[in-house]
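Engineer: what's the 3D shape of this:
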Amino acid sequence: MLDQQLSTPKTHIHFLPPHLTRHMLLSSLSFAELKKLLHLYPQSQIMASISSLHTSLAPPSLLHAQTPKPTFSHNLSKSSQSQFHGLKLSTPSRFSIPSSAAVKPSIVAKVTEGTMPPEFTLRDQNGKPVSLSKFKGKPAVIYFYPADETPGCTKQACAFRDSYTKFKKAGAEVVGISGDNSASHKAFAEKYKLPYTLLSDEGNKVRKEWGVPSDLFGALPGRQTYVLDKNGVCRLVYNNQFQPEKHIDETLKFLKSV
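Structural biologist: Coordinates of the predicted model:
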C-alpha cells in the first residue's frame, strides 16, 4: 500500500499528500520505506508535512494550550538550532498525536567534548571486526549517518572521499557508521570508491550508547560527527542533518586549528 503511495512524488507542493503523511504519523515506517521516502521528498518537506498534521490532529483543547506553536522542544544548542531550524525531536520511533505529557526535552548526547566515548567492536564493509581502540594514537573522525544510498548520506560520503587526502595530511582516520549491514556497506563503498572504513551498527547499539540524537520525530537516525584526539578523547561534536557536506568543512577546520 505504501509503495503505491510513494510511487509518484509531488514535489511541486509544500506538503506531502495528506494520506501519506497520516500514514507516517499514525503508524511506523520500516527502514526500507523511510529510505524510499527520503529519495522522493526533501527532508524539509517531510518535516513540514508531519508538523502540520500533528497540529491538525491534536484535540482543540490541546491546541489552545500550546504556546508557542509547534509544541516540539527547542532546548538545543545554538549550533543545532541554526542547523536544524530549531527542531530537535526525541519521541519513540512510532508516531503519535502529541500530548502535553509526551513533550520531552531534546536528547543530550552521552558523548560530549572532553569525554571518552565507550569502546565498541563492529564489522566493517568486508565483514572484519574493528574496535574503536584501533584508532588511538592519531585523530579519528567518527561520523554517524542515517543510511547507505540515501541522497544526503551519499553526498556526505562522497564529500569525505573527495577530501580524504586532506584528512590524511592532518593525520586523521575517517570512519562512517550506520545501521546498514556489511554487505550494504561494501556495495556502497565500491560504488562510490570510498577509501575509508564503514562500520555496521545493526540495531543501533553504538548509536544509542554514544547518545546520537534522532530526527524526524525519532524516525530518522541522526547525522552527527565526532572528532577524537590521539588519546581517544572527544574534542568536537557536530550535528547537521540538512547540510551533510558541512560535516567535512567543520571537521577539517577543527583539525587544522589544533
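
Engineer: from memory R161 sits against P195, does it?
Structural biologist: Yes: with contact defined as CB atoms under 8 Å, R161 counts as touching P195 (6.3 Å). All C-beta spots, glycine's among them, are computed from the backbone N, C-alpha and C.

Engineer: compare the two (neighbour count), which wins?
Structural biologist: Each of R161 and P195 has its neighbours counted (other CB atoms under 10 Å); R161 has more, 17 against 13.

Engineer: any idea which helix or strand carries the more buried one?
Structural biologist: When secondary structure is defined using DSSP states H and E, the element that contains R161 is helix 151-162.

Engineer: for the record, mean pLDDT for that helix?
Structural biologist: Per-residue pLDDT values over helix 151-162 give a mean of 98.

Engineer: state the next helix or strand along the chain beyond it.
Structural biologist: With elements assigned by DSSP H and E, the helix or strand that comes after helix 151-162 is helix 164-169.

Engineer: how about stretch 184-191: buried residues?
Structural biologist: Of the residues in stretch 184-191, those buried under the neighbour-count criterion (16 or more other CB atoms under 10 Å) are 184-186, 188-189.

Engineer: same thing with stretch 202-220?
Structural biologist: When neighbours are counted by 16+ other CB under 10 Å, the buried residues of stretch 202-220 are found to be 204, 206-207, 210-220.

Engineer: so which of the residues you listed belong to strands?
Structural biologist: Counting by DSSP state E, none of the members of those fall within strands.

Engineer: among these, which two are most distant?
Structural biologist: Based on CB to CB, the longest span within the buried residues of stretch 202-220 runs between V206 and F217 and measures 22.1 Å.

Engineer: helices of the stretch 101-250 of the chain, start to end?
Structural biologist: For the stretch 101-250 of the chain, helices defined by DSSP state H, counting those that start in this stretch occupy the ranges 151-162, 164-169, 182-191, 205-210, 246-257.

Engineer: and the angle for the third one with helix 151-162?
Structural biologist: In other words, helix 182-191. Direction vectors for helix 182-191 and helix 151-162, defined by axes from the mean of the first three to the mean of the last three CA atoms, to 10 degrees, enclose an angle of 60 degrees.

Engineer: domain assignment for the chain?
Structural biologist: Following automatic domain parsing, one gets these domains for the chain: 2-83, 121-257.

Engineer: comparing those domains, which yields the minimum mean pLDDT?
Structural biologist: When these are ranked by mean pLDDT, domain 2-83 comes last with a mean of 49.

Engineer: surely L194 and A187 touch.
Structural biologist: No: in terms of CB under 8 Å, L194 does not count as a neighbour of A187; the distance is 10.8 Å.

Engineer: sorry, back to before: tell me which residues of the helix holding R161 are tucked away?
Structural biologist: Of the residues in helix 151-162, 152-154, 156-161 count as buried by neighbour count, 16+ other CB under 10 Å.
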